[in-house]
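K.L.:
one predicted model, sequence on top.
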Amino acid sequence: MTVRYMLVGVLSLVFAGLAQAEAGVGFASKTVLELELEGVIGPATSDYVIRALDEAAERNVALVVLRMDTPGGLDTAMRQIIKKILGSPVPVVGHVAPAGSRAASAGTYILYACHIAAMAPATNLGAATPVEIPFPTGLDEDRRKPGDKTEKGKPETTSALRDKAINDAVAYIRGLAKLRGRNADWAEQAVRQSVSLPAEDALRLKVIDLVARDTTELLEKLQGREVQVLSQPVKLDLTGARVERLEPDWRSRFLGVLANPNIAYILMLFGIYGIILELFHPGTLVPGTIGAICLLLALYALQALPVNYAGVGLILLGVGLMIAEAFVPGFGILAMGGAVAFVVGSVILLDTQVPGFGIDPFLIAGFAVGSAALFVGATGLILRARKRPVVSGREEMVGAVGQALEDFESRGMIRVHGEIWFAETKTPIRKGQSVKVRKIHGLTLEVEPWQENSGP
């Protein structure tokens, strides 16, 4: 009986292990996920990488390869990606490839954060100085380096914000370098002096771990290598590994479209104009519905971008002043002020100088000129309408021509605009004769005989 129970227990353990292996729980599969980090790093990029690393952890894949070719991007998106890499239970390899690619600015930080850093020949990394920092404009200040003292031995106050941001970036990248055992001194130079390195020099200076032309060569060189994942040693077994490329899904692509500053800017203006049209013409529904949808999409996009809310306020003020021009008598002062506020607000709307995250100046100029022309044109139409004769209401009856329905010398009935009115006259009028309205007294018209060739 004891032997039987022992056999049953052993078989149970074997089948449980097989089931666990089949489910992929507790055993790293022989799958390598390859991600593409290409172009400017923004909200859509961070969303794609974060969700891909979550999927990699759920599937317990053996390795994640992050193929990189980026000029940099937003600091917020970069830090989100790095935080996810540092907390990933799956090893992440940053691979700057193919030849001709780069990992500049924010890409350098991400490469330093990866468990293994690799580059293909003819690639480069570096130039990691935060570009959104406002640099001093004076000649003497431009010659100073961060940390230089003035003649009195005090720090230069005009560059305090710049120094603070650079020091923060230096501390951040040095921390990543020490965590991964890479060259921290060169990392600091990349931030302070914007230096760059090609792949071969980066390997020689221990900035990266290896050089590989493509993913196949990369996996061959990684076979058997030991890396630290969440402070635990993990030995990579990539023999016969299957590489699976994970493309961005529709959600990431949709977010990428919305996070385009030009698209967000257009959606915001369409939303504002749609709401304004709905307020001017209640019950139309179409402009209000479209405007509300565009405005909500714009707010969703702008919350993911570094927005300067003073710019939003100036845009709203500019639109309001241009609208007010149509209702306030003036000489175009409000329209001109509104156009200036609109342009300035659009220029400072995004609080960053990162390439690829600015609003096209031609788009701003087009909307500014178009908006000013629209509201100035509306003002002209309103002024022209004021000079036209009245075409409705009681005042419109004066000067109208009607026809007598009966003979009368002082009071009788006439038809004007298809309506029957009481009429008074000082000249006798015959039935069927044309009459012209001179005055109106309550429900009685004062008329006189009229001929087609007579004067007004």
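P.N.:
That came in fine, so what should we check first?

K.L.:
can you find the helix or strand in this structure with the smallest mean pLDDT?
P.N.:
Of the helices and strands making up the chain, the lowest-confidence element is helix 139-143, at a mean of 39, by mean pLDDT, DSSP states H and E.

K.L.:
ok, Val257 - contacts?
P.N.:
Taking Cβ atoms under 8 Å, 6 or more residues apart in numbering, we find Val257 in contact with Ile263. Every residue, glycine included, has its C-beta placed from N, CA and C.

K.L.:
so what's the spatially most central residue of the chain closest to, chain neighbours aside?
P.N.:
Centroid check for the chain by Cα atoms, centre = their mean gives Ala259 as the closest residue, at 3.3 Å. Spatially, and ignoring its direct neighbours in sequence, Ala259 is nearest to Pro43 (4.6 Å; Cβ to Cβ, 6 or more residues apart in numbering).

K.L.:
pretty sure the one you found is touching Arg251, no?
P.N.:
No - the criterion here is Cβ atoms under 8 Å, and Pro43 misses it with Arg251 at 11.7 Å.

K.L.:
of these two, which one has the most company?
P.N.:
Pro43 (21 against 12; other Cβ atoms under 10 Å).

K.L.:
so Gly377 belongs to a helix, correct?
P.N.:
Yes - counting by DSSP: H, G, I helix; E, B strand; the rest coil, Gly377 is part of a helix.

K.L.:
per-residue confidence for it?
P.N.:
pLDDT recorded at Gly377 is 70.

K.L.:
cool, Ala404 as well?
P.N.:
Ala404 carries a pLDDT value of 91.

K.L.:
follow-up on the earlier one: so the residue nearest to the centre of the chain versus Leu74, what's the distance?
P.N.:
9 Å (Cβ to Cβ, to the nearest Å).

K.L.:
now do the shared contacts for the two.
P.N.:
Shared contacts of Ala259 and Leu74 (Cβ under 8 Å, 6+ apart): Gly42, Pro43, Leu305.

K.L.:
from what I can see the first one touches Leu74, true?
P.N.:
Yes - Gly42 is in contact with Leu74 according to Cβ under 8 Å; the separation is 5.5 Å.

K.L.:
and the residue lying closest to Leu314 once chain neighbours are set aside, how far is that from Tyr309?
P.N.:
Excluding the flanking residues, the one nearest Leu314 by Cβ to Cβ, 6+ apart is Gly345, at 2.8 Å. From Gly345 across to Tyr309, the span is 10 Å (Cβ to Cβ).

K.L.:
between those two, who's got more neighbours?
P.N.:
Applying other Cβ under 10 Å to Gly345 and Tyr309 shows that Gly345 carries more neighbours, namely 22 against 10.

K.L.:
low-confidence regions, the stretch 151-300 of the chain specifically.
P.N.:
151-159 (pLDDT under 70).

K.L.:
can I get stretch 95-106 in PDB? Just the C-alpha atoms.
P.N.:
As requested, the backbone C-alpha atoms of stretch 95-106 are provided in PDB (Å, rounded to 0.1, in the frame of the first residue of the first chain):
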ATOM      1  CA  HIS A  95      19.100  47.100 -29.200                       C
ATOM      2  CA  VAL A  96      19.900  50.200 -31.300                       C
ATOM      3  CA  ALA A  97      19.300  48.800 -34.800                       C
ATOM      4  CA  PRO A  98      19.400  48.500 -37.700                       C
ATOM      5  CA  ALA A  99      22.500  50.300 -39.000                       C
ATOM      6  CA  GLY A 100      22.000  54.000 -39.200                       C
ATOM      7  CA  SER A 101      19.800  54.100 -36.200                       C
ATOM      8  CA  ARG A 102      20.300  56.200 -33.000                       C
ATOM      9  CA  ALA A 103      19.300  56.300 -29.400                       C
ATOM     10  CA  ALA A 104      19.600  60.000 -28.700                       C
ATOM     11  CA  SER A 105      18.400  62.100 -25.800                       C
ATOM     12  CA  ALA A 106      15.600  60.200 -24.100                       C
END
